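Colleague: Sequence isn't available, so here's the structure alone:
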């Protein structure tokens, strides 16, 4: 058995080299930096160099205690989770709905045009998206001009805390829906067409075909995408980076809703050179992310019999 | 499979890769440049070097036949000079051989990330994170460089004390701040008879103000009445906006709180208290909130950058703007008149509590020589040039005999071209006066204001009489790594600090009840963060700092 494995590996040595490169990447950039977690438990200063990560004074859980006793901690968790879940609630079903709708469009030109127009925003950076919004959503911008023309009162969309989340969801959905719809469209194309023919012969309506053939046909894809989205829930799930959105759209006016864990770590930790504190806060966030992956995978396994592991 | 030839080739390759890797790691390689130059054999040539003069400028060893280009990073998003060209930079390069590849910060977090990554440009100029940069791992300390290269530079004790106030390493200073001016220094402006400190001003549309009947502007209430009247008469204009750099300065000063860079205020008994709980601070918040509730402010102010806000003024879309002194009115007028020919921008008079017109400044710009600097000797010699009188005048006033001449008192008269550029707001397009690195606030004030129309800048003479500096407040800022610094930063540092967040919440509250709620929360949360203990700590520390500057008990 052993011999045959070695023989197989030798035979595949050039192909295995590619695997090794991938593994080396993972080890160097994903696993080795984990050693840096140690600074969350000591008082690391940049002046002590790389070795200082291991020799700095041990402070136990001090940074975690400070983090959890920060007066903003409640708002930070609420904002992070609220932003993540709200975006997921909208950005997860919409690409599926768009894919199902596009699949029903028989005019190829119309279908391709909608597809192209809907996924183009995906390639626009958040900085540019913010630039658009800054022109459109200010109190003197076109949206407010429209509201005023209709007799409404102008709204400070960009600095009002209550407007932050709707704006974040709206821009995320606009930017990402078209792109994710392609994934689901690809899954739909793999469904056996004879199923549709049979259903049609049996008199199934268009909606019945969607609910009884298309949706079950793409269920594995939906499950995998959902688990991946939940795994990266705090990062933004399917709908782009929470950090970029909160960082760009956040300002002194809406900070009470726009400040999330990632921007807090950046501002209080990194940019004030409090690396140990930043590491502690980052570790908490990673643990929450890990727990979410585990829970979502467990739930998916229970409900659908499918999961990542 | 592998023969000796292959193995030896591999060995050579590994060694070739390792040599630069071992020697090129930022600090190592460049530290050698500095250390090797400190040899005693060079001592005799150093004194000659220190005496070099090029075209009347003492250049401290720098000569045009030995050019050097440095990468420099200005940690200010609004920095106006982004290219090393124009009359002043070209003259500087002509006499010193030094030039710069200029980089300007994209946002206020960039510097922190650069420090974290250890990837610093050769020269860093900043007003923030100076404590983090005052670190031997990242930057050269100046005493070491001055001694190693035998510079003849007697740095004033107060300048060293300013830099030592934020250093991470005892007795090592890593920069000398530009533009430090004590209260006594500010009095020099009275001798010049021109200029005023760079502080808060309220720019307003004089043409529209006159159309409103030119109401009197003697008190804070007068200012408020004018703004409310302007809002009612010109509802399509933004009544008042704030420049991000100068923010609420004008009003904070008028309420007796200083420019806003000091977080502690002194009571009648000489004790220091947090500004958060000071009754004048509450009055200031109430005043601005009333203006907000009267419709004079716009929340959009929080989302727009300085360029867009300035365009609101020059496009004729804004009635008033809190800005800086020293020329803004004249420059804004010139640009405004391209679109609104009758448009005129004036500075409102100095009003309110004259004791409030001060800053807490230990200097403005800290320039650091990072360990990635390819030639630290030239860098430190260039900084000596910038801090010299001739160098500072060249960098801030241009070439003597061409841009300016001086009378026996030293008061400059600027050329027509210079004055025209100032009036048109084109100084930075033509001359580039922001590359000072060293420099003096007094020279800057005189240079920027020499060509002003006095009508546009009323009662600068009042500012010349009353303006002061309380550097001990900034000096007393807790040191990096202390638990007090953590509390201090949470309460006061940066645009996301507790003070800043709640200051804006209070100002932009929509009702009086909302204001009261926000004000109460501001105090409660400050205490929760640790404001009470910090106040006790800061009271003692400020009193100690006052002694350093020769004021207060024990000085």
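Modeller: It's in. Bear in mind the structure is a predicted one, so any value in this text is a computation, not a measurement.
Colleague: Would you map out the domains in chain B?
Modeller: The domain map for chain B lists B:46-180+B:362-443+B:467-475, B:200-361+B:444-466, B:478-548, with the assignment taken from automatic domain parsing.
Colleague: and the end-to-end length of the shortest one?
Modeller: Going back to what we said before, that points to domain B:478-548. 16 Å (CA to CA, to the nearest Å).
Colleague: ok, now how distant is residue B:233 from residue A:247?
Modeller: 40 Å (CB to CB, to the nearest Å). For glycine as for every other residue, the C-beta is placed from the backbone atoms N, C-alpha and C.
Colleague: From the chain's centroid, how far away is stretch B:100-109?
Modeller: When distances are taken as CA atoms, centre = their mean, to the nearest Å, stretch B:100-109 is centred 15 Å away from the chain's centroid.
Colleague: rewinding a little: neighbour count: residue B:233 and residue A:247, which is higher?
Modeller: Shown here are residue B:233 and residue A:247; by other CB atoms under 10 Å in any protein chain shown, residue A:247 has more neighbours (21 against 14).
Colleague: For whichever strand or helix holds that one, name the packing helices and strands.
Modeller: Taking DSSP states H and E as the criterion, residue A:247 maps to helix A:242-249. In terms of contacts (3 or more CB pairs under 8 Å, 6 or more residues apart in numbering or on different chains; DSSP states H and E), helix A:242-249 is packed against helix A:73-91, helix A:126-136, helix A:161-189, helix A:261-264.
Colleague: could you redo the last one with a cut-off of 10 Å?
Modeller: Secondary-structure packing of helix A:242-249 (3 or more CB pairs under 10 Å, 6 or more residues apart in numbering or on different chains; DSSP states H and E): helix A:73-91, helix A:126-136, helix A:161-189, helix A:255-258, helix A:261-264.
Colleague: So which of the domains of chain B is nearest residue A:98?
Modeller: Proximity to residue A:98 (CB to CB) singles out domain B:200-361+B:444-466 among the domains of chain B, at 30.9 Å.
Colleague: measure that closest one end to end?
Modeller: End-to-end distance of domain B:200-361+B:444-466 (CA to CA): 14 Å.
Colleague: right, and the domains of chain B - which one's nearest residue A:72?
Modeller: Minimum separation from residue A:72 across those (CB to CB) falls at domain B:478-548, 8.9 Å.
Colleague: gap between that closest one and the chain center?
Modeller: Centroid separation between domain B:478-548 and its chain, computed with CA atoms, centre = their mean, is 22 Å.
Colleague: Report the mean confidence score over that domain.
Modeller: Domain B:478-548 shows a mean pLDDT of 92.
Colleague: how many neighbours does residue A:73 have?
Modeller: So residue A:73, with other CB under 10 Å, has 16 neighbours.
Colleague: now do residue B:158
Modeller: Here the number of neighbours of residue B:158 (other CB under 10 Å) works out to 15.
Colleague: hang on, isn't it packed against residue B:362?
Modeller: Yes - using CB atoms under 10 Å, residue B:158 makes contact with residue B:362 at a distance of 9.1 Å.
Colleague: Distance to chain A for the domains of chain B - can I get that in JSON lines?
Modeller: Output for the domains of chain B, formatted as JSON lines (distance: least, CB to the nearest CB, whole Å):
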{"stretch": "domain B:46-180+B:362-443+B:467-475", "distance to chain A": "3"}
{"stretch": "domain B:200-361+B:444-466", "distance to chain A": "4"}
{"stretch": "domain B:478-548", "distance to chain A": "5"}
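Colleague: which residues does residue B:332 contact?
Modeller: Each residue near residue B:332 by CB atoms under 10 Å, 6 or more residues apart in numbering or on different chains is listed here: B:203, B:205, B:310, B:313-314, B:318, B:321, B:323, B:343-347, B:425, B:456.
Colleague: so where is chain A shaky, pLDDT-wise?
Modeller: Applying pLDDT under 70 to chain A flags the ranges A:1-3, A:47, A:237-239, A:308.
Colleague: Spatially, and excluding backbone neighbours, which residue is closest to whatever residue of it ends up closest to chain B.
Modeller: Residue of chain A nearest chain B, by CB to the nearest CB: residue A:271 (3.1 Å). Distance criterion CB to CB, 6 or more residues apart in numbering or on different chains; nearest residue to residue A:271, sequence neighbours excluded, is residue B:112 at 3.1 Å.
Colleague: what do you get for residue B:375?
Modeller: Excluding the flanking residues, the one nearest residue B:375 by CB to CB, 6+ apart is residue B:68, at 5.6 Å.
Colleague: Share the number of residues neighbouring the one you found, please.
Modeller: That count, for residue B:68 with other CB under 10 Å as the rule, works out to 19.
Colleague: Surely it touches residue B:374?
Modeller: Yes - the criterion here is CB under 10 Å, and residue B:68 meets it with residue B:374 at 8.0 Å.
Colleague: The residue lying closest to residue A:84 once chain neighbours are set aside: what's it in contact with?
Modeller: Nearest residue to residue A:84 in three dimensions, chain neighbours excluded: residue A:233, at 4.6 Å (CB to CB, 6+ apart). Counting by CB under 10 Å, 6+ apart, residue A:233 touches A:80-81, A:83-85, A:87-88, A:242, A:288-289, A:292-293, A:296.
Colleague: ok, now residue B:526?
Modeller: A:71, B:274, B:276-277, B:487, B:490-492, B:498-499, B:502, B:532, B:534-535.
Colleague: cool, residue B:534 as well?
Modeller: Shown in contact with residue B:534 (CB under 10 Å, 6+ apart): B:263-264, B:274, B:478, B:483-488, B:490-492, B:526, B:541.
Colleague: any idea how far it lies from residue B:72?
Modeller: Distance from residue B:534 to residue B:72, by CB to CB: 36 Å.
Colleague: So, low pLDDT: which residues of the stretch 1-150 of chain B?
Modeller: Checking the stretch 1-150 of chain B against pLDDT under 70 turns up B:1-48.
Colleague: And the helices in it?
Modeller: Remark: helices assigned in the stretch 1-150 of chain B by DSSP state H, counting those that start in this stretch are B:4-23, B:27-36, B:43-50, B:87-96, B:110-117, B:130-133, B:142-148.
Colleague: ok so, going back, what remains of the contacts of residue B:534 if I keep only buried residues?
Modeller: Buried members of these, scored by 16 or more other CB atoms under 10 Å in any protein chain shown, are B:263-264, B:274, B:478, B:484-488, B:490-492, B:526, B:541.
Colleague: picking up where we left off before, out of the contacts of residue A:233, what pair is the most spread apart?
Modeller: Most distant of the contacts of residue A:233, by CB to CB, are A:83 and A:293, 18.5 Å apart.
Colleague: Looking at the two, which is more packed in?
Modeller: Neighbour count, other CB under 10 Å: between residue A:83 and residue A:293, residue A:83 has more, with 25 against 17.
Colleague: unless I'm mixing things up, the more buried one is touching residue A:166, no?
Modeller: No - assessed by CB under 10 Å, residue A:83 is found out of contact with residue A:166, at 11.0 Å.
Colleague: Helix A:126-136 and the helix holding residue A:247, what's the angle between them?
Modeller: 40 degrees (axes from the mean of the first three to the mean of the last three CA atoms, to 10 degrees).
Colleague: angle of helix A:242-249 against helix A:161-189?
Modeller: Counting by the same axes, to 10 degrees, helix A:242-249 points 140 degrees away from the direction of helix A:161-189.
Colleague: Could you dump the domains of chain B into a markdown table with distance to residue A:229 added?
Modeller: Shown next, in a markdown table, are the domains of chain B (distance: least, CB to CB, whole Å):
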| stretch | distance to residue A:229 |
| --- | --- |
| domain B:46-180+B:362-443+B:467-475 | 28 |
| domain B:200-361+B:444-466 | 30 |
| domain B:478-548 | 29 |
